[in-house]
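Novice: Just a sequence and a predicted model for now, questions to come.
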Amino acid sequence: MQDRLITTNLEYYKAFYYAAKFGTITAAAQKLCLTQPTVTNAIQKLEEQLKVSLFVRNKKGVQLTHEGKILWNRVEPALQLLLSGEEELEETKNLEGGSLKIISTEMSCLTYIIPSLMEFTRDYPKVKIKLRNALTENMIEQVRTGELDMAILHTPFEAGEDLELRFLHKIEECFVAGPKYKFLGEGVHTIEELSKYPMISLPDGAATKEFIRTIFEKHGLVFNPDFEMTTIGLVIAAVEHNLGIGDIPTIEAERWINEGSMVRIDVDEPPMERSAFVIYSKKIPLTPAAQTFLENYLLKYPSK
């Protein structure tokens, strides 16, 4: 059997739906903001096209015929889906609903994303937030395919021409170690000196590891960490327990340094700074929620 195209005006079905739901033409007309003759005409047109009688009139209003009940069983769930879809779209436009899907490195989550989300959710509490943490290499493809609205990541990374990149800020990192290596907190050290001690790093696929590898390679050294941790939190814990030297954001390190649980190791290198970017697809439009979060929250802070 060949597929049949639906040629009946959707408004006819809406008139049928509300007349059947409320049991009167008057109530259906009020709901649709139409006149009673217009609703009656729409139902008559539908009956003519389907070649059946859908209602019988009684003193209270209208009642479905046998054929009308058959049609109602199909139209009711279909119209419910369409109407709920319209409501969701309207909520999304007004940011009274919808969702915001972000993926970020742990570093960006800690230093940038969560503070911005705190303000955003205060102003738009009905928007559902999905915040994921992942390695840099896995983030870009999820944005490219539209699985996520945007990603926030730090250099180094490679993105194709199909992605929009917008600069957010710079973040400084530093080498740190636990109390056992307190002596490294004095003076300025070379990368070659540091390479003689156990190193703690994030795993392959993390931009942070690639960043440190580049610094080591500049000095003709191979960066081969003794410990690989899946999160910055675990790197910090390993450093605190004297397993070796780690690299973490300076803003995070300050707390632990002030508490005396680790020391900062200064090196004869330019400031260890990296740039953070938000990336999103050029081909897939941002949702209203994502656009608002980006322009009014994520980008509102002055770049450093």
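Specialist: It's in. Numbers count the residues shown, from 1 in each chain.

Novice: All the strands of the protein, in order from the start?
Specialist: Ranges of strands in the chain, per DSSP state E, are 55-58, 61-64, 99-104, 128-133, 150-154, 163-177, 188-189, 200-201, 227-228, 246-249, 263-267, 273-281.

Novice: so can I have CSV of those strands showing mean pLDDT and distance to Thr38?
Specialist: C-beta coordinates here come from the backbone N, C-alpha and C atoms, glycine included. Compiled in CSV, those are given as follows (pLDDT from 0 to 100; distance: least, CB to CB, whole Å):
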stretch, mean pLDDT, distance to Thr38
strand 55-58, 91, 16
strand 61-64, 92, 15
strand 99-104, 86, 38
strand 128-133, 84, 39
strand 150-154, 88, 46
strand 163-177, 92, 47
strand 188-189, 96, 84
strand 200-201, 96, 71
strand 227-228, 95, 70
strand 246-249, 92, 65
strand 263-267, 96, 76
strand 273-281, 91, 44
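
Novice: To Ile25, which of those lies closest?
Specialist: strand 61-64 (6.4 Å; CB to CB).

Novice: What lies in contact with the closest one?
Specialist: 19-20, 22-27, 54-57, 72 (CB atoms under 8 Å, 6 or more residues apart in numbering).

Novice: For that strand, list every residue counted as buried.
Specialist: Val62, Leu64 (16 or more other CB atoms under 10 Å).

Novice: partners of that strand, with directions?
Specialist: strand 55-58 (antiparallel) (DSSP bridges).

Novice: Can I get the partner strand in CSV, CA atoms only?
Specialist: Extracted in CSV, the C-alpha atoms of strand 55-58 (Å, rounded to 0.1, in the frame of the first residue of the first chain):
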residue,chain,number,x,y,z
PHE,A,55,-20.7,14.1,16.0
VAL,A,56,-24.4,14.0,16.8
ARG,A,57,-26.0,17.0,18.5
ASN,A,58,-27.9,16.8,21.7
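
Novice: Give me the contacts around stretch 206-220.
Specialist: 105, 107, 135-136, 153-157, 173, 190-192, 195, 201-203, 222-223, 225, 232, 247, 269, 272, 274.

Novice: how far does it sit from the chain's center?
Specialist: Taking the mean of its C-alpha atoms, stretch 206-220 sits 29 Å from the chain's own mean (CA atoms, centre = their mean, to the nearest Å).

Novice: Could you measure from the residue nearest the centre of the chain over to Glu119?
Specialist: Centroid-nearest residue in the chain: Lys101, 1.5 Å away (criterion: CA atoms, centre = their mean). In this view, Lys101 and Glu119 are 18 Å apart by CB to CB, to the nearest Å.

Novice: per-residue confidence for the nearest residue to Gly260 once chain neighbours are set aside?
Specialist: Closest residue in space to Gly260, ignoring its immediate chain neighbours: Pro179 at 7.5 Å, by CB to CB, 6 or more residues apart in numbering. At Pro179, the predicted lDDT confidence score is 95.
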